[in-house]
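Asks: Give me a model of this one.
(chains A and B)
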Amino acid sequence: MTNKLFLLLIILLSTQNAISQTLDGFWQEDNNLVAAGYLGGYTFSKDTFKYSINEFDGLNPIRTIGGFYSINNGIITFCATYMQKNDDCIKLHRDELGSISDNWVWGKFGKLVTIKLVTKVKTSATFKKEKDFIKIDNKKYYKIDLSHENQ
Amino acid sequence: MKRLILIIVIVILSIQYCFSQIPNGFWQEKTSIVSDKLLAGYTFSKDHKFEYSISEYDGLNPYIAFGGHYLIKGCRIYYMVSYIREKVGGKLCRNHIFMLNDSWAITDSKVVMKKLIPSAKATELIKIGKKYIILDGFKYYKIDN
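Replies: Sure, this is the predicted structure:
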C-alpha cells in the first residue's frame, strides 16, 4: 500500500513537472497568426512568467508584467514581482502600427526600465492545457514559434 | 444664371461650415452598443474641443485620455493635443471587470491632468454621416448619455 501511494505521488509530481516544461515559450492570445507585431501573451520559462501587452498598443507605457508561477490542480498561480515600463513617453503622434487606439502612439519611448513591485501581487486563474493551445480563465493562448527571430 | 451660381456657392460654403463642428457628445469606436463599459472614442464639445479616451476595458494603461482642440478643413480633421489624463499611484492586480491585457490592471489610483509640452499635432481623414463619423476609415458611433 505504501509503495502504491509512493508511486502515485511520483507520477503526480512528474505530471506537474511535465506540464511546466511544455509551457516554456511564448503563448499569444486569440490566435497563432503573427503579423507586424505580437498580440498580448505570456512567456513561460521554467518557473517564471512574463505577460507582454499587445505590440499594436502604442499608448501604454507599461510593456510587461512578470514574476513566478506555479500550476496545481487546474489552477495557475501568478506571483508578479516586477513591471517593465517605458520611463518617458514623449511626442504623441499617429502611426498605423498603433492600430488599437485609432493609431495614436507615443513616439520616442525612452528607456525600458524594470520596476520592482513593492508588494508582490499574487493572483490565480483556471488553467487547462489542450493539444494546440492553453486556456487561462477560459481565454485561449497559442504557442508561437519564435525561432525565426534569431535568423 | 448669376443668382444660381451665387446660391450654389452659398450652399457649398454652408456645407463646409456645417461640418466644421462635429456634433457634441461621445462617439464610440466600432459599435453603438454600450454594455458595462465604454470602448475607446472621442468626446467633442463646444469651442472645437476634443478628448480621446481609451477603452474602459483597459485597466492597465495609466494614460486614460488626452485632448485639446480640433479643426476641420475639407475632408481632414486636425488635432492639437494639449493635455493628458494619467492614473498615478494605485496597485497592480488582476480584475475581471477589465477584459484587456488578460485582466491585469492598476486600481485605486488617482487621475491627474498634465499639460503636454510641447503640444502634439496630428491629422486624419474625416467623413461625417448621420449616425456615425468615419475617421481614417474607422466608424465611430454617437452614444446618447
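
Asks: interface residues of chain B facing chain A?
Replies: For chain B, the residues in contact with chain A (Cβ under 8 Å from any Cβ of the partner chain) are B:29, B:40, B:52, B:54, B:58, B:60-63, B:66, B:81, B:84, B:91-94, B:96, B:100-104, B:116, B:120, B:122-124, B:135-136, B:138. The way it works is simple: take the backbone N, C-alpha and C, and place the C-beta from them, glycine included.

Asks: Okay, and which of these map to strands?
Replies: B:29, B:52, B:63, B:66, B:81, B:84, B:91-94, B:104, B:116, B:120, B:122-124, B:135, B:138 (DSSP state E).

Asks: of these, buried ones?
Replies: Among these, those buried by neighbour count (16 or more other Cβ atoms under 10 Å in any protein chain shown) are B:29, B:52, B:63, B:66, B:81, B:84, B:92-94, B:104, B:116, B:120, B:122, B:124, B:135.

Asks: Tell me the bridge partners for the closest residue to residue B:121 other than its chain neighbours.
Replies: Distance criterion Cβ to Cβ, 6 or more residues apart in numbering or on different chains; nearest residue to residue B:121, sequence neighbours excluded, is residue B:80 at 5.5 Å. Residue B:80 has these beta-bridge partners by DSSP bridges: residue B:69, residue B:121.

Asks: Equivalent analysis for residue B:105, please.
Replies: Beta bridges link residue B:105 to residue B:93, judged by DSSP bridges.

Asks: Quick check: pLDDT value at it.
Replies: Looking at residue B:105, its pLDDT reads 97.

Asks: Same question for residue A:149.
Replies: The model's pLDDT for residue A:149 equals 57.

Asks: Equivalent analysis for residue A:12, please.
Replies: For residue A:12, pLDDT reads 57.

Asks: Surely residue A:79 is in contact with residue A:121?
Replies: Yes - when contacts are counted by Cβ atoms under 8 Å, residue A:79 is listed as touching residue A:121 (7.3 Å).

Asks: Residues that sit against both of the two, list them.
Replies: residue A:67 (Cβ atoms under 8 Å, 6 or more residues apart in numbering or on different chains).

Asks: any idea how far the spatially most central residue of chain A lies from residue A:31?
Replies: The residue lying closest to the centre of chain A (Cα atoms, centre = their mean) is residue A:42, at 1.5 Å. Distance, residue A:42 to residue A:31, by Cβ to Cβ, to the nearest Å: 15 Å.

Asks: low-scoring stretches of the chain, by residue?
Replies: Just going to use chain A. Along chain A, segments meeting pLDDT under 70 span A:8-21, A:108-109, A:148-151.

Asks: ah, no, chain B please
Replies: Ranges of chain B meeting pLDDT under 70: B:7-19, B:145.

Asks: Need the residue closest to the centroid of it.
Replies: The residue lying closest to the centre of chain B (Cα atoms, centre = their mean) is residue B:42, at 1.6 Å.

Asks: list the contacts for the closest residue to that one other than its chain neighbours?
Replies: Excluding its sequence neighbours, the residue lying closest to residue B:42 (Cβ to Cβ, 6+ apart) is residue B:27, at 5.0 Å. Remark: with contacts taken as Cβ under 8 Å, 6+ apart, residue B:27 is in contact with B:41, B:42, B:43, B:44, B:132, B:133, B:140, B:141, B:142, B:143.

Asks: longest strand of chain A?
Replies: What stands out as the longest strand in chain A, according to DSSP E, is strand A:112-129.

Asks: Show me what that one is packed against.
Replies: Contact partners of strand A:112-129 among helices and strands, from 3 or more Cβ pairs under 8 Å, 6 or more residues apart in numbering or on different chains; DSSP states H and E: helix A:2-23, strand A:62-72, strand A:75-86, strand A:133-136, strand B:91-94.

Asks: Also compute the angle for it relative to strand A:75-86, please.
Replies: Angle of strand A:112-129 versus strand A:75-86, following axes from the mean of the first three to the mean of the last three Cα atoms, to 10 degrees, is 160 degrees.

Asks: Please name the bridge partners of residue A:78.
Replies: Under the criterion DSSP bridges, residue A:78 forms beta bridges with residue A:69, residue A:123.

Asks: For stretch B:113-133, buried residues please.
Replies: By 16+ other Cβ under 10 Å, the buried positions in stretch B:113-133 come out as B:116, B:120, B:122, B:124, B:126, B:132, B:133.

Asks: Spatially nearest residue to the last one, not counting backbone neighbours?
Replies: Spatial nearest neighbour of residue B:133, chain neighbours left out: residue B:140 (5.1 Å); criterion: Cβ to Cβ, 6+ apart.
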